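Chemist: using only what follows, build the 3D model:
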Amino acid sequence: MAIVPQESITQFQVLMDELCAVEESLGRTFQNMHQGYPHETLTRFLKAREGIVERAHKMLVDCLNWRVENDIDNMLTKPIVPVELYRAIRDSQLIGLSGYSFEGLPVFAIGAGLSTFDQASVHYYVQSHIQINEYRDRVILPEATKKYGKHVSKCIKILDMTGLRLSALNHIKLLTIISSIDDLNYPEKTKTYYIVNAPYVFSACWKVVKPLLQERTRSKIDVLSGCGEDDLLKVMEYSSLPHFCRKRSSGDENCFSLDHHFHQQHYNYMKDQSSIRRSIEPLKQGSVHVTLPEDADEEDIAKALESELEKFKDLDRCSESVTDLKISDEKR
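Modeler: Model prediction:
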């Protein structure tokens, strides 16, 4: 849905104003979520539900409840520790920020083919993914908005399929969880997904993955030839290309590495936020584990996540949160 009528946005806004006036916790997390741009957020959820106000309202309310129940507002105060475990996650869940497009959109690089997801428990990979989403929305996008002098609310993702094997389908459950989290709680945050370096097995994997994606997500996917350098230079400077998109790559900075400035800034930001929160109330430790049936669909996944995370509902609360999403001391 390209254009959302102003009438629908106004109607949606009235419903949200009424809700936030009654449910203070939902109103607070909504403010953290929209970062001063409520109409843009309402538009995103309307687009995600074909412009139908009632469906968009339900989707957003469900999202806000998910945020409150899982303490998403405080997710950036919970760095994964020790740092060796976080480094292992970064080495096996490949993602990084390589630069910005001509439009000012952050360019996220994703090593889809070489990500192994075998160095930590599932809940750590899910936690890391949510933390990067929150850091993008609350730090990266506001900084881009200030830098480019216009509201920047979306990003570009470049998926590198180098090294992709059929065994990657073993991770389909985890990828489905992550995809569902994005579809339900971070809709319309990516303008385009570019796929590069696709090997011959990509078509086989795509047949399995494609049905799991929402149609609005599939319509944004653009498979480029080779490393995609020529096509991508039409939307960004050479310096913003991920290392795997450069034809003559030799010693280029690896944006996946924990040593890359993006991950250093991200991790240090979380440590600083953790220190601030600890000065108010110490964090307790625990863990989240999600078990899903092999044939789980999006609704099953959502229910399973809600059920598992409900266990933490009665933990001690600080004045700024409802529930703590806990991190286990286990390394695997």
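Chemist: quick check: the nearest residue to G111 once chain neighbours are set aside vs F108, distance?
Modeler: Excluding the flanking residues, the one nearest G111 by CB to CB, 6 or more residues apart in numbering is L94, at 2.8 Å. Bear in mind the C-beta positions are built from the backbone N, C-alpha and C, glycine included. Look at L94 and F108: by CB to CB, to the nearest Å, they are 11 Å apart.
Chemist: which residues in the stretch 201-332 of the chain form strands?
Modeler: Along the stretch 201-332 of the chain, the stretches classed as strands by DSSP state E, counting those that start in this stretch are 221-223.
Chemist: which residues of it score low on pLDDT?
Modeler: 249-252, 281-332 (pLDDT under 70).
Chemist: tell me, what residue is most central in the protein?
Modeler: N133 (3.5 Å; CA atoms, centre = their mean).
Chemist: quick one: secondary structure of it?
Modeler: Three-state call for N133 (DSSP: H, G, I helix; E, B strand; the rest coil): helix.
Chemist: tell me how many other residues crowd the closest residue to it other than its chain neighbours.
Modeler: Nearest non-adjacent residue to N133, counting by CB to CB, 6+ apart: Y186, 5.5 Å away. When neighbours are defined as other CB atoms under 10 Å, Y186 has 18 of them.
Chemist: same question, the one 10 residues further on
Modeler: Using other CB under 10 Å, the number of residues around V196 comes to 25.
Chemist: tell me the confidence at it?
Modeler: For V196, the pLDDT comes out at 97.
Chemist: and for Q119?
Modeler: In this model, Q119 carries a pLDDT of 95.
Chemist: how about stretch 111-127: buried residues?
Modeler: If you call a residue buried by 16 or more other CB atoms under 10 Å, then stretch 111-127 has these buried ones: 111-115, 117, 119-127.
Chemist: just to revisit the earlier point, isn't the residue nearest to the centre of the chain right up against T190?
Modeler: No. In this structure, N133 is not within contact of T190 by CB atoms under 8 Å, at 10.6 Å.
Chemist: between these two, which contacts overlap?
Modeler: Common neighbours of N133 and T190, counting by CB atoms under 8 Å, 6 or more residues apart in numbering, are absent.
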